[in-house]
Every structure is written in structure tokens, then in C-alpha cells.
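Chemist: need a 3D model of the following:
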Amino acid sequence: MSKSPRKRLSNQFPRTNELPSQSSKFWAKEKDRYLRQLLISDIEEQTGRELVVYFASLSEAINHSDPDDLSEVIDGLTGNTIDLIIQTPGGSVDAVEKFVTVLKSRVASYRVIVPSLAKSGGTVIAMSSEKILLGVNSELGPIDPQFVLPNIGAVPCQFIADDETQQPVIRSLAQSAVARMIQLAEKILSQGMLSSAKPDKVSEVIGKISSSDTYNSHGAVIDFSEAQGLGLSVEWMPAESDLWKRIWLLHCCYDHDLKMRRLGKIIEGVSNSIARPPSY
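Modeler: Numbering: from 1, shown residues only. The predicted structure follows:
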């Protein structure tokens, strides 16, 4: 008796019947990227929106190269309504401002999806969108800027600004950093997801999320319920939903590939892709 043919495992690795247009050696070298882009395309089909991913390791801050890379990835899109998946520990206020400026100048509207974390400056980018999509593993964070002091580490600029034992120039720099972050956040919220809110409400939200006294830790977790309580425009992705499962699978691919390839960041769409080595 002949054995029945082995069942095709198409559910384990999505594929077509056509061979790739790239050479076999090049395709094998880039297969991780092609699989991620295939998953991006699946999510785009489900949401009806084009998708861009900004994924950084936890040691890699947002810097001034990122907005340029983001713009180049957007060049590969065909429309101007997108979703942005973001994973970042944060970064400098100036780099975050340029990142947001590029987004707003290149696309008509965008949502931000946070599978795991978008802290500090990443939270500011998320707040610049029309809506933030969060799931069970998602977290935003306080936007109080930090300075690194010798023998201490990261310290809230608010604390340094209030510390009369610090050098005047250090206190002035700390005060400027706090003012810049508040100014940027107020501008983003008042022109974006809180544009219909009264100025007092915008100031209230900024006062809570930018003060080191509110959460007592720069790494504090602002989950869906907390973000909703702050008045941000957020949408819940249930853990059992197909969209969340696809997004989490894609997140896990980036997390794995960054570690295995020892990369610092990947900025990627369904067509264009840029990978950066760690900054150290």
C-alpha cells in the first residue's frame, strides 16, 4: 500500500508557487526580511492601511538618522494613510521632534501601534498620531527628560533643575530640557488627538505625564487603562483578536532578528528596508 503524500506545511511558512525574482543566494541571505515583509503585507490586507515598522533594541535611542531613514521607507509606500508600529526606549527631544515632523509632512494621517513598549520620546511620537493601538503587552511611559550624572546615572531633569547644589549651567540645561519636552508635547496634543479638548485639559494631561512626581519612575508603565484615563485616544486590541496575534508575531520576528543579527534598529515597510548596527 502506498503512503499518502505528506501534507503541505503552508500554514507554517506562507509562500506562493512562484520562485523569487532574486538570486537564490541573495534570497537565502535576506529571507528573514522577506518573511517580515510578507507578514507586513498580511497586516496591511487586514487593516486596509499601509504599515511601517520602527523597531529599536532597548539600548538604542531615537537619533537624527532615524527620521531620514523613516522618510526613505515611506518613499516605498503608495498611499498617505499608514499605521506605524514602534518599539523604542525613547531619545532626544530634538530627534523626536524631527521624527514627528517627517511623519506629519509625508503622510496625511497615521495611527501608532505599540506591541510592547514606546517609552519617553516614543510616547511623544505615539501621542502625535490620531490614535494609539495597545494590547496586553503594550506600554507607554512618562515623558520627563533625563540627564546622566557621573556616579549616579539617569536623573530626571526636573530634579536637577530644582537642585541648588548643581552648577548654574547644568540647572539651566535641565530647565531647558523640561521646557522643550512640555512645549513639544503640548503642540503635538493640541494639534492632534486632543485638538477638540479645551487648553486646560491639554495642560492637565501634559502636567501628569511630564512630571517626575506623578509616576515616580521614568520607566513606569502607562498601559491601556492608564492611557485611557489620561484622556489619550487609545484603542484596545484583545489578545484573542487576529490583528493582535499577527502584530505580536511580527514583533517577535523583529525581536529575534535584531538579536541574532546583532542590529540596533530596523525601519521597514513592505518594499523598503533599512537596518542599522548598534551605536556603540
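Chemist: name the element Gln175 belongs to?
Modeler: Applying DSSP states H and E as the criterion places Gln175 in helix 168-191.
Chemist: show me what that helix is packed against.
Modeler: Applying 3 or more CB pairs under 8 Å, 6 or more residues apart in numbering; DSSP states H and E, one finds that helix 168-191 makes contact with helix 93-106, helix 121-127, strand 146-149, helix 157-161, helix 199-210. Every residue, glycine included, has its C-beta placed from N, CA and C.
Chemist: hey, least reliable of those by pLDDT?
Modeler: Mean pLDDT is lowest for strand 146-149 out of those, coming in at a mean of 84.
Chemist: how far away is the residue nearest the centre of the chain from Val205?
Modeler: Per CA atoms, centre = their mean, the C-alpha nearest to the average position across the chain is that of Ile86, at 2.0 Å. Distance from Ile86 to Val205, counting by CB to CB, to the nearest Å: 20 Å.
Chemist: one step back: in JSON lines: the helices and strands packed on helix 168-191, plus mean neighbour count and distance to Gln46.
Modeler: Listed next are the helices and strands packed on helix 168-191 as JSON lines, based on neighbours: other CB atoms under 10 Å; distance: least, CB to CB, whole Å:
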{"stretch": "helix 93-106", "mean neighbour count": "19", "distance to Gln46": "22"}
{"stretch": "helix 121-127", "mean neighbour count": "27", "distance to Gln46": "21"}
{"stretch": "strand 146-149", "mean neighbour count": "15", "distance to Gln46": "38"}
{"stretch": "helix 157-161", "mean neighbour count": "20", "distance to Gln46": "41"}
{"stretch": "helix 199-210", "mean neighbour count": "16", "distance to Gln46": "31"}
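Chemist: coming back round to it: now find how far off-centre the strand or helix carrying the residue nearest to the centre of the chain is within its chain.
Modeler: Secondary structure assignment for Ile86, by DSSP H and E: strand 81-87. Remark: strand 81-87 is offset 7 Å from the chain centroid, using CA atoms, centre = their mean, to the nearest Å.
Chemist: buried stuff in it?
Modeler: By neighbour count on 16 or more other CB atoms under 10 Å, the buried set for strand 81-87 is Ile82, Asp83, Leu84, Ile85, Ile86, Gln87.
Chemist: cool, and stretch 64-71?
Modeler: Along stretch 64-71, these residues count as buried under the neighbour rule (16+ other CB under 10 Å): Asp66, Pro67, Asp69, Leu70.
Chemist: who's in contact with it?
Modeler: If you take CB atoms under 8 Å, 6 or more residues apart in numbering as the criterion, stretch 64-71 is touched by 52, 54, 91, 94-95, 98-99, 101-103, 106, 265, 267, 274, 276.
Chemist: can I get it in PDB? Just the C-alpha atoms.
Modeler: Listed next in PDB are the C-alpha coordinates belonging to stretch 64-71 (Å, rounded to 0.1, in the frame of the first residue of the first chain):
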ATOM      1  CA  HIS A  64      18.700  62.200  13.900                       C
ATOM      2  CA  SER A  65      19.400  59.400  11.400                       C
ATOM      3  CA  ASP A  66      16.000  57.800  12.100                       C
ATOM      4  CA  PRO A  67      13.800  60.500  10.500                       C
ATOM      5  CA  ASP A  68      15.800  60.300   7.300                       C
ATOM      6  CA  ASP A  69      15.500  56.500   7.300                       C
ATOM      7  CA  LEU A  70      11.800  56.800   8.000                       C
ATOM      8  CA  SER A  71      11.400  59.100   5.100                       C
END
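Chemist: from here on, call the first residue 36.
Modeler: Yep, numbering from 36; the last one is stretch 99-106 now.
Chemist: so for that stretch, what's the average pLDDT?
Modeler: 97.
Chemist: stretch 79-88 too?
Modeler: Averaging pLDDT along stretch 79-88 yields 97.
Chemist: dump that stretch to PDB, restricted to CA.
Modeler: Presented in PDB, the C-alpha positions along stretch 79-88 are these (Å, rounded to 0.1, in the frame of the first residue of the first chain):
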ATOM      1  CA  GLU A  79      -2.000  45.700   5.600                       C
ATOM      2  CA  GLU A  80      -4.600  43.500   3.900                       C
ATOM      3  CA  GLN A  81      -6.400  43.100   7.200                       C
ATOM      4  CA  THR A  82      -6.400  46.800   8.200                       C
ATOM      5  CA  GLY A  83      -6.600  48.400   4.800                       C
ATOM      6  CA  ARG A  84      -3.700  50.700   5.700                       C
ATOM      7  CA  GLU A  85      -0.100  50.600   4.700                       C
ATOM      8  CA  LEU A  86       2.300  49.700   7.500                       C
ATOM      9  CA  VAL A  87       5.700  51.000   8.600                       C
ATOM     10  CA  VAL A  88       7.800  49.400  11.400                       C
END
